[in-house]
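Sharing a model prediction with you, sequence too.
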Amino acid sequence: MNEVLAELSKVSVTLNDRLIVDRVSLSIKRGDIITIIGPNGAGKTTLIKTILGIQKASSGSISLPPGLVIGYVPQTLNLETTLPLSVERFMALGGCDRKGCQQALARTGVAHLMAASVHHLSGGEKQRLLLARALARQPGLLVLDEPAQGVDINGQAALYDLVRQLRDELNCGVIMISHDLHLVMAATDKVICLNQHVCCSGFPEDISHDPAFIETFGTAVAESLAVYHHHHNHRHDLHGNVIGGGSAIDGTLKKGTFDDAEAAPTCSGHHHD
Ligand SMILES: Nc1ncnc2c1ncn2[C@@H]1O[C@H](COP(=O)(O)OP(=O)(O)OP(=O)(O)O)[C@@H](O)[C@H]1O
């Protein structure tokens, strides 16, 4: 059994009196690649910030093994543009020596940019730089917030491929957020669909059949992913709150749900197999 790198139990986050993350339980093990999907404002970034300790959970518990090294690739790189900063210096600020810096940049395909200014990098180059910085820490857990944003379509597939290779090389666990549903379905091991609470979770081929997935992303997206329609017993408002009809409190984890993520409250759409 692979080592557990992060264990979340009924984690909720309330910000400004608004419930942003609702009783999320999940477990990340060494070797896992888990992708969190969900609409804008669903609480994805907030959830990973609680794993990183940047955001405090309002309730629930998060446990990480002592000494776990986490490599984090944030959604954006916010830097003071008036300060000159080379790629090498940026890496050095993260504690990386020249050799380690060169190796990490080479691994993410941007070694030729060592002397370039970080302010002049393209969107895709910035993402690769951030990945290199995370990689240089030799992380046990890699946390990526939309790593493929600003990357062209071929580059996205290559980036996901690289993440898989890094997982194998470092024998780490990976948790990432993505909006690239086609790539997620093709290139990820496990998917968690978050809309404040965990709507559904499981392996990509199963989750794309899930009514909660269709409810969250709509039929156009679902059909483009060659999924089929099911009855789903509740709806969400724009804030992810459950509205109308069915209860989202009871129900059991459905077919296609993997052991380690618990939907809380659980969606209970009916499958028509
Ligand atoms: N520090 C904060 N104070 C108050 N509200 C916040 C704070 N941070 C995030 N929020 C709110 O929490 C909600 C969830 O934000 P979050 O960034 O986690 O969503 P997300 O699922 O990552 O969205 P996206 O896909 O657009 O990046 C949003 O409505 C956001 O405005």
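Structure received. Numbers count the residues shown, from 1 in each chain.

show me where pLDDT drops low in the protein?
Residues of the chain meeting the criterion pLDDT under 70: 1, 187, 219-273.

domain assignment for it?
For the chain, the structural domains run 1-69+144-273, 78-138, going by automatic domain parsing.

Secondary structure element holding Gly95?
Under DSSP states H and E, no helix or strand contains Gly95.

For the remainder of this discussion, apply numbering that starts at 123.
With the count now opening at 123, the last piece we talked about shows up as Gly217.

TSV please, covering the domains of the chain and showing mean neighbour count.
Every C-beta, even on glycine, is put in place using the N, C-alpha and C of the backbone. Formatted as TSV, the domains of the chain follow (neighbours: other Cβ atoms under 10 Å):
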stretch	mean neighbour count
domain 123-191+266-395	18
domain 200-260	17
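
and those as CSV, adding distance to the ligand?
As requested, the domains of the chain are exported to CSV (distance: least, Cβ to the nearest ligand atom, whole Å):
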stretch, distance to the ligand
domain 123-191+266-395, 3
domain 200-260, 14
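
Now do the helix or strand hosting Cys315: which elements does it pack against?
Element membership for Cys315, per DSSP H and E: strand 312-317. Under the contact criterion of 3 or more Cβ pairs under 8 Å, 6 or more residues apart in numbering; DSSP states H and E, strand 312-317 touches strand 140-151, strand 155-159, strand 319-324, helix 326-329, helix 333-346.

contact partners of the helix or strand following the second one?
Meaning strand 155-159. Scanning forward in sequence from strand 155-159 by DSSP H and E, the next helix or strand is helix 166-174. Helix 166-174 is contacted from outside by 128, 130, 133, 135, 137, 142-143, 146, 158-160, 177-179, 184, 186, 192, 194, 197, 265, 267, 297, 299, 316, using Cβ atoms under 8 Å, 6 or more residues apart in numbering.

what are the pairing partners of the following helix or strand past helix 166-174, and which direction each?
Reading on from helix 166-174 to the C-terminus, the next helix or strand found by DSSP H and E is strand 181-185. Its sheet considered, strand 181-185 pairs with strand 126-137 (antiparallel) by DSSP bridges.

Extract the C-alpha trace of the partner strand and format it as CSV.
Output of strand 126-137 as CSV, limited to C-alpha atoms (Å, rounded to 0.1, in the frame of the first residue of the first chain):
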residue,chain,number,x,y,z
VAL,A,126,-0.5,8.5,2.3
LEU,A,127,0.9,12.0,1.6
ALA,A,128,-2.2,14.0,2.6
GLU,A,129,-5.3,13.0,4.4
LEU,A,130,-8.2,15.5,4.5
SER,A,131,-11.2,14.7,6.7
LYS,A,132,-14.4,16.8,6.4
VAL,A,133,-12.4,19.9,5.6
SER,A,134,-14.6,23.1,5.4
VAL,A,135,-13.4,26.6,4.7
THR,A,136,-15.6,29.7,5.4
LEU,A,137,-14.4,33.1,4.1
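
coming back round to it: got a list of contacts for the strand holding Cys315?
So strand 312-317 is in contact with 143, 146, 148, 154-161, 164-166, 169, 306-307, 320-326, 329, 332, 334-335, 338, 358, 362, 380, 382-383, going by Cβ under 8 Å, 6+ apart.
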